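Trainee: Only the shape, not the letters, is given here:
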């Protein structure tokens, strides 16, 4: 009996850049994520850039998790300890379930690049209203690391033994 080959199924993604200094013109991290998700075959449902403010972040993310065409949200920025970094405080109360392994694995991979400074990353992920959210540091290098090291596989319906596409499909039933 021939083994069936998994088929790629695109997801609808939204990208949010959290920054007090970035603009649409110089948002290299957001631009990278938009390009990477498009190159992978996913659909960009929306994109936004917001100042590092808990309630402004939460308002945009809440709109997206209520939108049935948004399967996953990629958030870049606001995950450190300096100044107004508040992405974890903004999004974690929205989680129905946390994905602890994302932050753990991100920091493990990041250690090879930045050593012990990785402990200052509060990268996190979770599910909210059947939508998966991933928050990563604002540097373009961190976004590349998260995409190539974790997200590209976990958002790909063909990745085995498991991926978040499968979880999203299960949760919708």
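Mentor: In hand now; what should we look at? Everything numeric here is computed off the predicted structure, so don't read it as measured data.
Trainee: Okay, now the unreliable bits of this structure?
Mentor: 1-3, 170-173 (pLDDT under 70).
Trainee: need the longest helix for it.
Mentor: helix 100-114 (DSSP state H).
Trainee: What residues of it count as buried?
Mentor: Neighbour counts over helix 100-114 (16 or more other CB atoms under 10 Å) mark 102, 103, 105, 106, 107, 109, 110, 114 as buried. (C-beta placed from N, C-alpha, C; glycine too.)
Trainee: mind checking how far the closest residue to residue 145 other than its chain neighbours is from residue 70?
Mentor: Excluding the flanking residues, the one nearest residue 145 by CB to CB, 6 or more residues apart in numbering is residue 109, at 5.7 Å. To residue 70, residue 109 is 26 Å away according to CB to CB, to the nearest Å.
Trainee: quick one, helices of this protein?
Mentor: So, for the chain - with DSSP H - the helices run 28-39, 54-65, 87-91, 100-114, 140-146, 152-154, 164-172.
Trainee: Comparing those, which stretch has the densest surroundings?
Mentor: Highest mean neighbour count among the helices of the chain (mean count of other CB atoms under 10 Å): helix 87-91, with a mean of 22.
Trainee: tell me which strands and helices it is in contact with?
Mentor: If you count contacts as 3 or more CB pairs under 8 Å, 6 or more residues apart in numbering; DSSP states H and E, helix 87-91 packs onto helix 54-65, strand 124-128, strand 131-136.
Trainee: elements contacting the shortest one?
Mentor: Applying 3+ CB pairs under 8 Å, 6+ apart, one finds that strand 124-128 makes contact with helix 87-91, strand 97-98, helix 100-114, strand 131-136.
Trainee: ok, back up a step: now tell me what touches the longest helix of the chain from outside.
Mentor: 118-119, 121-125, 134, 136, 141-142, 145-146, 149-150 (CB atoms under 8 Å, 6 or more residues apart in numbering).
Trainee: Over to stretch 135-144?
Mentor: Against stretch 135-144 from outside (CB under 8 Å, 6+ apart): 17-19, 22, 28-29, 32-33, 36, 74-80, 87-88, 91, 106, 110, 113, 121-125, 146.
Trainee: same check, this time on stretch 45-58
Mentor: 12-20, 22-24, 27, 30, 34, 60, 64, 67, 69-70, 75, 77-78, 83-87, 89-91, 93-94.
Trainee: Next step: the residues you listed restricted to strands.
Mentor: 12, 13, 14, 15, 16, 17, 18, 75 (DSSP state E).
Trainee: Any idea what the fourth one is bridged to?
Mentor: Put plainly, it is residue 15. residue 47, residue 74 (DSSP bridges).
Trainee: Relative to residue 6, how far out is it?
Mentor: 25 Å.
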